[in-house]
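> Provide a 3D model corresponding to the input given below.
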Amino acid sequence: RFENGLTIKTEVFNKDDKRRILPLGSPQGSLMNHMLNYPETVRGKRVFEPFAGSGALGFMALKIGARHVDFLDVIHRASDFHRENARLNQFPSSRFRSIEADIASFDPEHRYELILANPPFVPTPDGIEGTVTSNGGTDGNRFVEILLRRLEEFLEPHGKALILVFQFVSRQQPLLVDLISDLVDHRPVVLTPSQERHIGFEAYSRAYSQLFPEEQEAIARWRSALLEKHGEDLALCHYVVRVGERGDQPNSCVIRDDFAEQFGESFLVPSHNEEEISIGRVFENFVASSKRR
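Numbers count the residues shown, from 1 in each chain. The predicted model follows:
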């Protein structure tokens, strides 16, 4: 339950199910806090929440005054959570729609004025299945790339997007910068670090080795390929991506350290303990039954 009365039902973090509904944490809380502090972002808007899970972001938008929200998720059970969370908050069915579809093939009926997205973003070695809600591919950007590639199909010219990501950082630049340069058309993009400091790739790799001891060869291949491609200084950091309105100027991408102002300092992802945050992220990809296979 949030201070404005919104109540969200989700699942426990470690449910033994690769298609579990993702629980809420600091990254999701930061976007919800941003909407609370900047209600003009959502009021009266037609909102799209892909990778919706429990629908927490979209329901916060409805609570603040969004006109309508379309929830999209590939997991069938997500729609049950949407109906239950609508009931808990007394939202009529006319204000939202729950859609079961893949982001890569979803055909929208119209474009939206705001996208709120928390895609699967956990970098995952090939050979590790992980969970549907967290496995973001080898560099964590598989679904972010699909969303950015289709952005103009989903977003009105005057529309905006807020996207949560977890990024490899090489030479102080997140890998997403190159994708933004290639895929985003005539829109300004701001990347805001939402983590106290970067964590090292070595700590992150050790977390995979600890939780998936039977996959040492796959982890070693993945680690070597990433270091060869991106360099030995590889690190990881959470960001909030803000995509602005389409304009006449070419696209631009800046990194702006304004998380406390925009999203709330208390929602910074703590990273004083590299091992702890690495285990936490990799554990999102861990299903107890996977060790029994």
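> only C-alpha atoms for contact and neighbour calcs from this point on.
Will do.
> ranges for the helices of the chain?
Using DSSP state H, the helices of the chain run over residues 26-37, 56-64, 78-89, 142-149, 151-154, 176-183, 201-211, 216-230, 259-263, 274-283.
> which residues of the stretch 151-293 of the chain score low on pLDDT?
289-293 (pLDDT under 70).
> now do the strands in the stretch 1-150 of the chain.
With DSSP state E, counting those that start in this stretch applied, the stretch 1-150 of the chain shows strands at 46-49, 68-73, 96-100, 112-117, listed in chain order.
> sheet partners, orientation included, of the first one?
Pointing back at strand 46-49 there. strand 68-73 (parallel), strand 112-117 (parallel) (DSSP bridges).
> report how many residues lie close to the closest residue to residue 252 other than its chain neighbours.
Nearest residue to residue 252 in three dimensions, chain neighbours excluded: residue 188, at 4.8 Å (Cα to Cα, 6 or more residues apart in numbering). If you count neighbours by other Cα atoms under 10 Å, residue 188 ends up with 20.
> how near is residue 188 to residue 251?
From residue 188 across to residue 251, the span is 5 Å (Cα to Cα, to the nearest Å).
> and if you look at residue 14?
40 Å.
> so for those two, which sits in the more crowded spot?
residue 251 (19 against 16).
> my guess is the more buried one meets residue 185, correct?
Yes. Under the criterion of Cα atoms under 8 Å, residue 251 makes contact with residue 185 at 5.6 Å.
> could you list the buried residues of stretch 15-29?
When neighbours are counted by 16 or more other Cα atoms under 10 Å, the buried residues of stretch 15-29 are found to be 18-24, 27-29.
> now stretch 99-110, how far from the chain's geometric center?
In terms of Cα atoms, centre = their mean, to the nearest Å, the centre of stretch 99-110 is set 17 Å apart from its chain centre.
> neighbours of residue 91, just the number please.
Quick note: residue 91 (other Cα under 10 Å) scores 15 neighbours.
> sorry, that was for residue 76
14.
> same check on residue 89?
Other residues lying near residue 89 total 15 when counted by other Cα under 10 Å.
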